[in-house]
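Student: what follows is a predicted protein model with its sequence.
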Amino acid sequence: MSTIRLTMAQALLRFLDNQYLSIDGEETKFVAGVMGIFGHGNVTGIGEALERSAGSLQYIQGKSEQGMAHAATAYAKQKNRRQIFACTSSIGPGALNMVTAAGTATVNRIPLLLLPGDNFASRQPDPVLQQVEVVCDYTVAATDCFKPVSKYWDRIIRPEQLMNAALNAMRVLTDPAETGAVTLALPQDVQAEAYDYPEAFFGKRIHYIERRVPDRESLGRAVSLIRSKRRPLIIAGGGIRYASAMEELQAFAESFGIPVAETQAGKGVLSWKHPLNVGGIGVTGGLAANKLAKTADLIIGVGTRYSDFTTASKSAFHPDVQVLNININAMDSAKLGGAALTADAKEALSVLKEQLTAERYAANYGEEITILRTEWENEVDRLYGLEREDGLAQTRALGVINETVGEDAVVVCAAGSLPGDLQRLWRVGRPGGYHLEYGFSCMGYEVSGAFGAALAEKDRDVYALVGDGSYLMLHSELVTSLQEGRKLTVLLFDNHGYQCIHNLQKGHGSDGFGNEFRYRESQTGRYTGGFMPIDFAAHARSLGAAAYKAQSAEELREALLKAKEETVTTLIEIPVIPGTNTDGYESWWNVGIPAVSGSGKVLEAHAEMQKMLRTAKAY
């Protein structure tokens, strides 16, 4: 057996550089490169390997470990999970900074390979700088914190263990049902240790994605269930996008006249102009989808994980509704007590269409879908055109942006009130143009995610839509976008604080506490003073970005047009009136409200919650 002597870190990079993904006969190089920040836990190991033997892997220097890992997640999401960047960090805080990003990737079913440094396996220098010493279990390290948020976790304490660990990592990263964050903890001494690796380990390896076809009996049950219903409603999730099943979804819906409601991850898989697209569903959904959900006799969930926002905390549907779940992930296909069709979405929709066509099946909605769509589009137009004398309404700003950025644009968002407004109102130009991280709704994802999307989409304009709260939490990769020459445009909605949660708070009995960016008043001891004047445009300029400030619809449109002409990352600061986001539309969200309080308003809200709980279906 022919061998080659390499350090573990060198071997890892050589292995990653020769991994490929194949689906439907299309082959893609799976690992594009490595994002990293070096420290004493990785600079002399994987850092040396990246410097001298990275092969064709591109190295991108991060500015925050969390930020770069968000960027890697967004890159993989924008590439429909067919290509990734790995991320490397030092031990201790450098590693722990990536835990949030690991959770974000895993919840959203996005492949993310993390390579954090770890304690010395030899234990000879113990305790090393940044080492966590757990008295009862000395094998525990900071990297153990990745276990709950990783789909696969391993610690490589001998260089030969890399071979088994790397293969397992690739198995999970390329599995459409089980993918998420994969963590390989790399002790800093083992990274530099040599081993005679078999040359075969570094040969080109193709990971074939086989489309799982529906089981015959499960398919028969699904056909019988649909055939027995007259008011089915499709909930389109992100699994449709990752399975490239957009055409099959459209053909299926059109064949039988079934309306399609969208989740955050599924928005854009069917054109907003399509007569069967009834828009967003659930807590951040619109009237058309939410009204249909309450009267549907069958929910057909395709590629959705049924978050509480999608189901409006299980209150969105008629109590007697039945559920059919089409999902490659067995856990998701079993949710809501539904009938499970565990299969690839593309394959399942195709064969269902064939069999139901033979049965001459048709839904029975008449003109109802058209009427509800018209009603909702008129509401979107009203909100997009909403003028206020006291400033710029958030929905008006979104209307100007939607009309100006063009159909090829990619919008990236994650947290605050903007995701709700976007799911309800945003008109997606073409597939891939709507990039929402709403599984974890991770504040700080927006700018980092836009950088990752810009890396993936070299021919499309990418926009980060972010609130001032999220921007202050994490904007580090704005600098990386300038360094890499990958332009993005940051649209910063300044509403003076965490106004989404402020609204939630006030809507459940609070007078408002701790969520606005105000000065502390000496008399009250609370944040009840004036709003803090923060010049976000000046801050962006100080980092090297171009920047504008737009306080009216006309100024915003002009700034957007100027931003298109800029060659570097650009920020547009958009002061908006707090509380001018959308809300409601016949939906409910279950949040814990105190049963005991000195406020009558809180007690009233608690009573209303108890009333709604009695209407929500228990599964």
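Tutor: Noted; the coordinates are in hand.

Student: which residues are in contact with the residue positioned nearest the centre of the chain?
Tutor: In the chain, the C-alpha nearest the mean C-alpha coordinate belongs to residue 437, at 2.3 Å (Cα atoms, centre = their mean). Counting by Cβ atoms under 8 Å, 6 or more residues apart in numbering, residue 437 touches 73, 74, 77, 104, 108, 412, 413, 414, 445, 449. In this view, the C-beta of every residue, glycine as well, is placed from N, C-alpha and C.

Student: which strand or helix spans residue 85?
Tutor: Secondary structure from DSSP states H and E places residue 85 in strand 84-89.

Student: tell me what that strand is packed against?
Tutor: strand 31-36, helix 46-53, helix 65-78, strand 112-118 (3 or more Cβ pairs under 8 Å, 6 or more residues apart in numbering; DSSP states H and E).

Student: who wins for proximity to residue 9 among these?
Tutor: Between residue 9 and the helices and strands packed on strand 84-89, the tightest spacing by Cβ to Cβ is seen for helix 46-53, at 4.1 Å.

Student: can I assume residue 20 sits in a strand?
Tutor: Yes: applying DSSP: H, G, I helix; E, B strand; the rest coil, one finds residue 20 inside a strand.

Student: hang on, it packs against residue 203?
Tutor: No: counting by Cβ atoms under 8 Å, residue 20 stays clear of residue 203, with 11.0 Å between them.

Student: neighbour-wise, which of those two wins?
Tutor: More neighbours surround residue 20 than the other of residue 20 and residue 203, with 15 against 9 (other Cβ atoms under 10 Å).

Student: residues touching that one, list them.
Tutor: 27, 28, 29, 30, 204, 205, 206, 207.

Student: looking at the residues you listed, which are in strands?
Tutor: Judged by DSSP state E, the contacts of residue 20 include 27, 28, 29, 205, 206, 207 as members of strands.

Student: just the contacts of residue 437: which are in strands?
Tutor: 412, 413.

Student: just the buried subset of the contacts of residue 437, please.
Tutor: Buried members of the contacts of residue 437, scored by 16 or more other Cβ atoms under 10 Å, are 73, 74, 77, 104, 108, 412, 413, 414, 445, 449.

Student: so the last one sits right up against residue 435, yeah?
Tutor: Yes: in this structure, residue 449 is within contact of residue 435 by Cβ under 8 Å, at 6.8 Å.

Student: overlap in contacts of the two?
Tutor: Common contacts of residue 449 and residue 435, defined by Cβ under 8 Å, 6+ apart, comprise 74, 412.

Student: is the closest residue to residue 555 other than its chain neighbours bridged to anything, and to what?
Tutor: Take residue 555 and drop its neighbours on the chain: the residue closest to it by Cβ to Cβ, 6 or more residues apart in numbering is residue 549, 7.7 Å away. Judged by DSSP bridges, the bridge partners of residue 549 are residue 573.

Student: what's near enough to touch residue 549?
Tutor: Counted by Cβ under 8 Å, 6+ apart, residue 549 has contacts 537, 555, 559, 572, 573, 574, 575.

Student: compile those into JSON lines and extend it with columns for neighbour count and distance to residue 479.
Tutor: Shown next, in JSON lines, are the contacts of residue 549 (neighbours: other Cβ atoms under 10 Å; distance: Cβ to Cβ, whole Å):
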{"residue": "537", "neighbour count": "20", "distance to residue 479": "16"}
{"residue": "555", "neighbour count": "16", "distance to residue 479": "26"}
{"residue": "559", "neighbour count": "24", "distance to residue 479": "22"}
{"residue": "572", "neighbour count": "26", "distance to residue 479": "18"}
{"residue": "573", "neighbour count": "24", "distance to residue 479": "18"}
{"residue": "574", "neighbour count": "27", "distance to residue 479": "21"}
{"residue": "575", "neighbour count": "19", "distance to residue 479": "24"}
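
Student: what about the stretch 501-619 of the chain, any weak spots by pLDDT?
Tutor: The model of the stretch 501-619 of the chain has pLDDT under 70 over residues 619.

Student: all strands of it, in order?
Tutor: 546-549, 570-575 (DSSP state E, counting those that start in this stretch).

Student: which residues does the longest one contact?
Tutor: Residues external to strand 570-575 that are found in contact with it (Cβ under 8 Å, 6+ apart): 391-392, 397, 478, 487, 489-495, 535-537, 540, 545-551, 556, 559-560, 563.

Student: recalculate using a threshold of 7 Å.
Tutor: 391-392, 397, 489-494, 536-537, 540, 545-551, 556, 559-560, 563 (Cβ atoms under 7 Å, 6 or more residues apart in numbering).

Student: and the angle for the strand holding residue 85 with strand 112-118?
Tutor: Between strand 84-89 and strand 112-118, the angle comes out at 20 degrees (axes from the mean of the first three to the mean of the last three Cα atoms, to 10 degrees).

Student: show me which parts of strand 84-89 are buried, residue by residue.
Tutor: Those buried within strand 84-89 under the rule 16+ other Cβ under 10 Å are 84, 85, 86, 87, 88, 89.

Student: what do you get for stretch 605-619?
Tutor: Buried residues in stretch 605-619, counted by 16+ other Cβ under 10 Å: 605, 606, 609, 616, 617.

Student: in helices, which of these appear?
Tutor: 605, 606, 609 (DSSP state H).

Student: picking that back up, same list (the strands of the stretch 501-619 of the chain) but as JSON lines, adding distance to residue 161.
Tutor: Shown next, in JSON lines, are the strands of the stretch 501-619 of the chain (distance: least, Cβ to Cβ, whole Å):
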{"stretch": "strand 546-549", "distance to residue 161": "48"}
{"stretch": "strand 570-575", "distance to residue 161": "45"}
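
Student: among these, which is nearest residue 306?
Tutor: Of the strands of the stretch 501-619 of the chain, nearest to residue 306 by Cβ to Cβ is strand 570-575, at 33.5 Å.

Student: with only the CA atoms kept, save the closest one in PDB.
Tutor: The C-alpha trace of strand 570-575 is given here as PDB (Å, rounded to 0.1, in the frame of the first residue of the first chain):
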ATOM      1  CA  THR A 570     -22.300  50.300   0.700                       C
ATOM      2  CA  LEU A 571     -24.500  51.000   3.700                       C
ATOM      3  CA  ILE A 572     -27.700  53.000   3.600                       C
ATOM      4  CA  GLU A 573     -29.000  54.200   6.900                       C
ATOM      5  CA  ILE A 574     -32.800  54.400   6.900                       C
ATOM      6  CA  PRO A 575     -34.400  56.000  10.000                       C
END
